[in-house]
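> just need the structure, nothing else, for what follows:
(4 chains)
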2 protein chains.
Amino acid sequence: MTDTGLPASIEAAWGAQRPTRGPKRALSLDRIVAAAVAVADADGLDALSMSRVAGELGTSAMSLYRYVSAKDELLTLMTDAIFIDAAAVTSSDWRPALTELAWGCLRAYRAHPWAVRIPISGPPVTPHQLRWLETGLAVLSPTPLTAAEKMSTLLLISGMARNDATLANDLGAQDNLMPTYAQTLGRILPPQDFPHLLAILTTPVMTQDDHPDVEFAWALARILDGLAALITTKSE
Amino acid sequence: MTDTGLPASIEAAWGAQRPTRGPKRALSLDRIVAAAVAVADADGLDALSMSRVAGELGTSAMSLYRYVSAKDELLTLMTDAIFIDAAAVTSSDWRPALTELAWGCLRAYRAHPWAVRIPISGPPVTPHQLRWLETGLAVLSPTPLTAAEKMSTLLLISGMARNDATLANDLGAQDNLMPTYAQTLGRILPPQDFPHLLAILTTPVMTQDDHPDVEFAWALARILDGLAALITTKSE
DNA sequence: CGAAAGTGCGTACGAGATAAACAGTGAGGG
DNA sequence: CCCTCACTGTTTATCTCGTACGCACTTTCG
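Okay, the predicted model is just below:
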């Protein structure tokens, strides 16, 4: 492996070999990332400071900088770690397999709501994310789609999962948010300018929070329908 | 308008009336938000500090807190301001109209790349964003979709625009990023474990950056195809 | 015409990321 | 065998930034 241009911590996530000199390390990247994920799961991204993570591990903040050169890298590794189980696929048909991939992705985001708030810093370079992509390409390989179309499909699906999780988390954080929200809108909207929005507020759909899975399943079905149409066309 | 539960700055964005007592204000919310947007456009979100924005306006940082109670509110207003022209629609057919809305949304994100990095803090409560939603609902009102389906459709589309902009901005920031990226992957991927990914790297699709608009148009077409199928089904 | 509400702003504090310097450690070359 | 030096964890210090607080000034209403 020649120079990859990647930060050392990312290379370490791929299992780069350690130098042999010097004292043994007291920690490991995995433990640090796991601790960081635990902190974020427990108290959110705002509570995720280097000192807090170090505290959980019983060391000092600066120790972490022997493993990660900046907090951003830690965040990148965290967003990779949550996808360990996202690429599990049982079917070999493209449609059910893509469905599994989509839900795997969504499951990761749902289990770790903070992940969607971490800005994407570049193209995927971490193991689990690339594993997900690889699996997706494998699943789509029997289809007549072009390489670009396969890529677009996967980016669309992962983006949709990310997007759905964003909405589900930030919108549905509180329990009876929708009634409150409807009330707020009812009070702030100039009535004559927003007729459709005001009308929909009285719909039971808006006043009760429906299960977020339904929304995702619906959107996914739309996309896969569109894709199926394209595949059928290209197959003829 | 009784109590909306919204921050004062958001109510101000809706044109709430000012108290009459006290000296006249030297600034206005609009000017502050515009200055903040200009800073972010010029130097990115990282350069956006309260003092920087105040500096551009010739006042002190703390003055801004008379208009906005926290930086988060300023960010919220910034993400609203960029959508001024996003809801312009000429057609009344649902498909072309939705296309216009989608591109309007994407245009906003493309013109202000930093916007996608601002975490969503809750359901939309700001004028331009709700205007976009209202327009979308109006456009979909002749269709046989349920209220929930209309809402899902619009959230899916706006999410897709956001998502596409995220990718386009963060991935394509540099000019010849793709060749570099392909090289990086080629060096970091364990060859036997990622056959499809490695194979696609040699595809011209991946080695040259294609116009990002193509990707969005493609994904949008998939979604609208899926939607059209549903509408046809429900119409019978 | 005061009081009260409202304004801009200087000061100060606290949190947090991280650079720099330092003392201990242990594998490999002589 | 031991010394060297790459490597380790840590302590201390710095710098940036958001924002609470309080002060002095300015309007308008009772």
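> quick check: next helix or strand after the lowest-mean-pLDDT helix or strand in chain A?
One helix or strand of chain A scores below all others by mean pLDDT, DSSP states H and E: helix A:204-207, with a mean of 60. Once the chain leaves helix A:204-207, the next helix or strand it forms, by DSSP states H and E, is helix A:212-235.
> contacting residues around that following helix?
With CB atoms under 8 Å, 6 or more residues apart in numbering or on different chains as the contact definition, helix A:212-235 has outside contacts at A:94-95, A:98-99, A:102, A:106, A:143-145, A:149, A:153, A:156-157, A:160-161, A:164, A:167-168, A:172, B:148-149, B:152-153, B:155-156, B:221-227, B:229-230. For glycine as for every other residue, the C-beta is placed from the backbone atoms N, C-alpha and C.
> tilt between it and helix B:212-235?
100 degrees (axes from the mean of the first three to the mean of the last three CA atoms, to 10 degrees).
> got the domain ranges for chain A?
Using automatic domain parsing, the domains assigned to chain A come out as A:8-81, A:94-235.
> for those, could you give me CSV that also reports mean neighbour count and distance to residue B:40?
CSV is the format used below for those (neighbours: other CB atoms under 10 Å in any protein chain shown; distance: least, CB to CB, whole Å):
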stretch, mean neighbour count, distance to residue B:40
domain A:8-81, 16, 19
domain A:94-235, 18, 13
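> which one of these lies closest to residue B:5?
domain A:94-235 (5.6 Å; CB to CB).
> that closest one: end-to-end distance?
Using CA to CA, to the nearest Å, the end-to-end distance of domain A:94-235 comes to 14 Å.
> cool, and stretch A:57-72?
End to end - CA to CA - stretch A:57-72 spans 19 Å.
> ok, it near chain B or not?
No. Counting by CB under 8 Å from any CB of the partner chain, chain B is not contacted by stretch A:57-72; separation bottoms out at 11.1 Å.
> ok, and what's touching that stretch?
For stretch A:57-72, contacts defined as CB under 8 Å, 6+ apart pick out A:7-9, A:12, A:25-29, A:31-32, A:35, A:49-51, A:53-54, A:74, A:77, A:121.
> so it, near DNA strand C or not?
Yes. Applying CB under 7 Å from any atom of the strand, one finds stretch A:57-72 touching DNA strand C at A:61, A:62, A:65, A:69, A:70, A:71, A:72.
> give the next helix or strand downstream of the helix or strand that contains the last one.
Residue A:72 is part of helix A:71-81, with elements assigned from DSSP H and E. Along the chain past helix A:71-81, the next helix or strand (assigned with DSSP H and E) turns out to be helix A:94-111.
> now for that following helix, which elements pack on it?
helix A:127-140, helix A:147-171, helix A:212-235 (3 or more CB pairs under 8 Å, 6 or more residues apart in numbering or on different chains; DSSP states H and E).
> shaky segments in chain A?
Under the criterion pLDDT under 70, the flagged ranges of chain A are A:1-2, A:170-176, A:205-211.
> which bits of it sit near DNA strand D?
Residues of chain A lying near DNA strand D (CB under 7 Å from any atom of the strand): A:18-19, A:21-23, A:25-27, A:59-63, A:65-67.
> any idea which of those is closest to residue A:81?
Of the residues of chain A next to DNA strand D, the one sitting nearest to residue A:81 (CB to CB) turns out to be residue A:67, at 13.8 Å.
> distance check, that closest one against chain B.
Taking CB to the nearest CB, to the nearest Å as the measure, residue A:67 falls 18 Å from chain B.
> cool, residue A:74 as well?
17 Å.
> dihedrals phi and psi, the closest residue to that residue other than its chain neighbours?
Nearest residue to residue A:74, sequence neighbours excluded (CB to CB, 6 or more residues apart in numbering or on different chains): residue A:68, at 4.8 Å. In terms of degrees, to the nearest 10, the main-chain angles of residue A:68 are phi -140, psi 130.
> including distance to residue A:81, could the helices and strands packed on helix A:94-111 go into CSV?
Listed next are the helices and strands packed on helix A:94-111 as CSV, based on distance: least, CB to CB, whole Å:
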stretch, distance to residue A:81
helix A:127-140, 7
helix A:147-171, 16
helix A:212-235, 22
